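K.L.:
here's my sequence, what's the structure:
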Amino acid sequence: MQRADRMAREFAVEVEWVPFELHPDIPPEGQVRDEALKHRQAPMRARIEVLAEAGNLPLQTNQYRSNAHNTLEAGEWAREKGPETFDAVHRAIFHAYFAAGKNVSTIDQVVEAIEAADVETPGLRDALEGGTYKQRVDELTQLARQNGINGTPTFIFEDQFMVSGAQEWPVFADALTRLGVPRRAGVAPEEQAEPAGGA
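P.N.:
Residues are numbered from 1 along each chain as shown. Okay, here's the model as predicted:
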């Protein structure tokens, strides 16, 4: 999320988040990570921890693997409320899972995580319980898989470049520069400092 924030801050781009369910096999209530999985993911985790520390981002070792469907549906609910609500919901979910180490699988857990960030949620529970956005999430996930996307995060730049996984900032800056996207006024190309902030 921090990379997307920096792209929007330094370059004349708009970032659009699209729902993608990476692990539909996770039970609806989520599951505790088993030791074998922790071992297999250790190298990737180590890399993510280095990037998080460099960016001054809080990162917990979450013992849960959350089923993301309700969070993705909540994102679509928020999208219809406007960009401010979408951004607030998106950050609330990221914070709950990555910074607070919470399981955000069930409707109760998702609503609690969002309300903890002081986001008003009228209609959210009804939308989740009624599956209002379920089909949209499923269709967009299927479309992404059909186009070769099988990991998160994945950034697509004007249908010309695709960057997958946790990458250093210069990878993104290079892609935008090669596309000819202008930098925003007052932001020097050599500026490299990452801001402090939440997940």
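K.L.:
can you name the next helix or strand after the lowest-mean-pLDDT helix or strand in the chain?
P.N.:
Least confident element among the helices and strands of the chain, by mean pLDDT, DSSP states H and E: helix 35-54 (a mean of 58). Using DSSP states H and E, the helix or strand that follows helix 35-54 towards the C-terminus is strand 64-65.
K.L.:
show me what that following strand is packed up against.
P.N.:
Applying 3 or more CB pairs under 8 Å, 6 or more residues apart in numbering; DSSP states H and E, one finds that strand 64-65 contacts strand 31-32. C-beta: built from backbone N, CA, C; applies to glycine.
K.L.:
near residue 18, how many other residues are there?
P.N.:
If you count neighbours by other CB atoms under 10 Å, residue 18 ends up with 15.
K.L.:
with the one 4 residues further on instead?
P.N.:
Taking other CB under 10 Å as the neighbour definition, residue 22 ends up with a count of 16.
K.L.:
and the helix or strand containing residue 84, what's buried?
P.N.:
Residue 84 belongs to helix 83-94 when assigned by DSSP H and E. Buried residues in helix 83-94, defined by neighbour count with 16 or more other CB atoms under 10 Å: 85, 86, 88, 89, 90, 91, 92, 93, 94.
K.L.:
go ahead and confirm the fourth one touches residue 78.
P.N.:
Yes - taking contact to mean CB atoms under 8 Å, the distance of 3.8 Å between residue 89 and residue 78 places them in contact.
K.L.:
ok, the residue most central in space within the chain to residue 106 distance?
P.N.:
In the chain, the residue lying closest to the centroid (CA atoms, centre = their mean) is residue 1, at 5.8 Å. In this view, residue 1 and residue 106 are 23 Å apart by CB to CB, to the nearest Å.
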